[in-house]
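Peer 1: what follows is a predicted protein model with its sequence.
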Amino acid sequence: MCDRVSPGRTFREAIASERPLQIVGTINAYCALLARQAGHRAIYLSGAGVANASFGLPDLGITCRSDVLEDARRITGACDLPLLVDIDTGWGEAFSIDRTVKEMIRAGVAAVHIEDQVSPKRCGHRPNKALVSKEEMVDRIKAAVDARTDSDFVIMARTDALASEGLSAALERAYLCVQAGADCVFAEAMTELVMYRMFADVVGVPLLANMTEFGKTPLFTKQQLADVGVAMVLYPLSAFRAMSRAALTVYETISREGSQESVLGGMQSRAELYDILRYHDYERKLDQLFAEKRHDHD
Ligand SMILES: C[C@](O)(C(=O)O)[C@H](CC(=O)O)C(=O)O
Ligand SMILES: [Mg+2]
C-alpha cells in the first residue's frame, strides 16, 4: 500500500476506541461528507442502497461487483472515513471472491461483509431467504481472508441463518466463520436483544448489530446494544429513507403549489452546501492559480 494509512487499520482503531462504533449508511460521496460533518467515525455502503438509490432496483442481487465498486470509489475518493462495504455473497466462488476483496482494497475500502445467502440473495429482513451450506460459507470466508493484500483489511462474516435454521445454527455458522479467519461477525435480522449477548459470547470477535428500520429487528439503543456486548451498530439506510421522503415532499409541493417557497425551510442552504464541500477553498485555489499564470506572462 502507498503512504496512506491503511483504511482497515483506521476502521480497527475506530472499533477499539468507540464502543459500540456507530456506522452510518452513506449512499453517495456527499452523504459521506455529511456523516463526517456530524462527527461519525465510520461509514457504510449498503448493497440495498446501491440497488435502490443508484439503480432504482430492489435489493435482490441484481447489481454486481463493478456497480458497488464504482459507488465505493466515489465515496473513498471524497471522504477519508473508513468505509464498510456490503458485498452481498461476494459475487461468485473462490476466485470471484478473491477478485472482489482485492478490488475493494484497491478502491480504498476498509472492510467488507460477506453473507451466507445463496445467489441471488434477498434483503435480510424479508421472508424466504435461502442459505448456502455452512461448509460453503466457510469456503467463502477462507477465500476472502486469503485474498487480502493488506492484513489490516477487515473481513466481516454475516449470517442470515436465524430465520430459516434457528439461533443455534446461526451461532454455529458465526463460530465457524471466525475459525476460518473472519475478523468480525454481523448477526443479521435478530429478533431479541439477548441474542446479541449469545453471539458476542460465542464469537469472541467484534459483533455488529443492524438497526435497519421497518425490519425484523426492534430499534435497540446504542446503550442497550453496548450492554449485550455489541461492538458496532449499523444504520444502513436511515439517512436514505429520510432523504427519499424529503425529496418526494419537495417534488409533490412543486407540482401542487407551483413553487418551492413553502418547503424552503427544509432545505440545506447554498452556504451550508458550500461549507461541506469547502467550495471557497477550491475557488481561492483557482484564483491563486490564475493570478500566478498572469504573473508568469508579465
Ligand atoms: C444491511 C443491508 O444488507 C443493506 O444492504 O443495507 C439490508 C438493509 C435493509 O434492507 O434494510 C439488510 O439488512 O439486508
Ligand atoms: Mg445488503
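Peer 2: Alright, I've got the coordinates. Computed from a prediction, not measured in an experiment: that's the story for all the values here. Numbering: from 1, shown residues only. Ligands and ions are numbered 1, 2, ... in the order given.

Peer 1: mind pulling up the pLDDT for Tyr30?
Peer 2: As predicted, Tyr30 sits at a pLDDT of 98.

Peer 1: ok, it - contacts?
Peer 2: Ala78, Ile276, Leu277 (Cβ atoms under 8 Å, 6 or more residues apart in numbering). All C-beta spots, glycine's among them, are computed from the backbone N, C-alpha and C.

Peer 1: can you tell me the element it falls in?
Peer 2: Element membership for Tyr30, per DSSP states H and E: helix 29-37.

Peer 1: now do that helix: distance to the chain's middle.
Peer 2: Centroid separation for helix 29-37 versus its chain: 13 Å, with Cα atoms, centre = their mean, to the nearest Å.

Peer 1: need the contact list for Gln224.
Peer 2: By Cβ under 8 Å, 6+ apart, Gln224 lies in contact with Leu193.

Peer 1: go again using 6 Å as the cut-off
Peer 2: Gln224 is in contact with no residue at all, counting by Cβ atoms under 6 Å, 6 or more residues apart in numbering.

Peer 1: for the host helix or strand of it, which positions count as buried?
Peer 2: Assigned by DSSP H and E, Gln224 belongs to helix 222-227. Neighbour counts using 16 or more other Cβ atoms under 10 Å place Leu225 of helix 222-227 among the buried residues.

Peer 1: what does stretch 167-187 give?
Peer 2: Applying 16+ other Cβ under 10 Å to stretch 167-187 flags 167, 170-171, 173-178, 180, 182-187 as buried.

Peer 1: hmm, who's touching it?
Peer 2: 113, 134, 138, 141-142, 145, 154-159, 161-162, 199, 202-203, 205-208.

Peer 1: again with stretch 76-89
Peer 2: The contact list for stretch 76-89 (Cβ under 6 Å, 6+ apart) reads 7, 10-11, 23, 29, 32-33, 36, 42-47, 72, 75, 100, 104, 107-114, 117, 119, 121.

Peer 1: tell me where the protein has helices.
Peer 2: Assigned helices in the chain, in chain order: 7-17, 29-37, 47-49, 55, 65-78, 94-106, 134-147, 162-165, 167-179, 193-203, 222-227, 238-257, 270-277, 279-297 (criterion: DSSP state H).

Peer 1: if we can go back for a sec, for the helix holding Tyr30, list every residue counted as buried.
Peer 2: For helix 29-37, burial by neighbour count (16+ other Cβ under 10 Å) applies to Ala29, Tyr30, Cys31, Ala32, Leu33, Leu34, Ala35, Arg36.

Peer 1: likewise stretch 144-161?
Peer 2: Buried residues in stretch 144-161 (16+ other Cβ under 10 Å): 144-145, 147-148, 150, 152-161.

Peer 1: among those residues, which pair sits farthest apart?
Peer 2: Using Cβ to Cβ, the buried residues of stretch 144-161 reach their maximum pairwise distance at Asp150 and Ala161, which is 29.2 Å.

Peer 1: near ligand 1, which residues of the stretch 101-250 of the chain are found?
Peer 2: For the stretch 101-250 of the chain, the residues in contact with ligand 1 (Cβ under 6 Å from any ligand atom) are Cys123, Gly124, His125, Asn210, Thr212, Gly215, Pro236, Leu237.

Peer 1: let's have those in a markdown table, adding distance to Gly266 and neighbour count.
Peer 2: Output for these, formatted as a markdown table (distance: Cβ to Cβ, whole Å; neighbours: other Cβ atoms under 10 Å):
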| residue | distance to Gly266 | neighbour count |
| --- | --- | --- |
| Cys123 | 29 | 19 |
| Gly124 | 31 | 25 |
| His125 | 29 | 19 |
| Asn210 | 28 | 23 |
| Thr212 | 24 | 22 |
| Gly215 | 26 | 18 |
| Pro236 | 23 | 26 |
| Leu237 | 20 | 24 |
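
Peer 1: among these, name the ones in strands.
Peer 2: In strands, defined here by DSSP state E, the members of those are Asn210.

Peer 1: among the residues of the stretch 101-250 of the chain next to ligand 1, which ones lie close to ligand 2?
Peer 2: Subset of those in contact with ligand 2: empty, counting by Cβ under 5 Å from the ion.

Peer 1: right, I'll leave it there.
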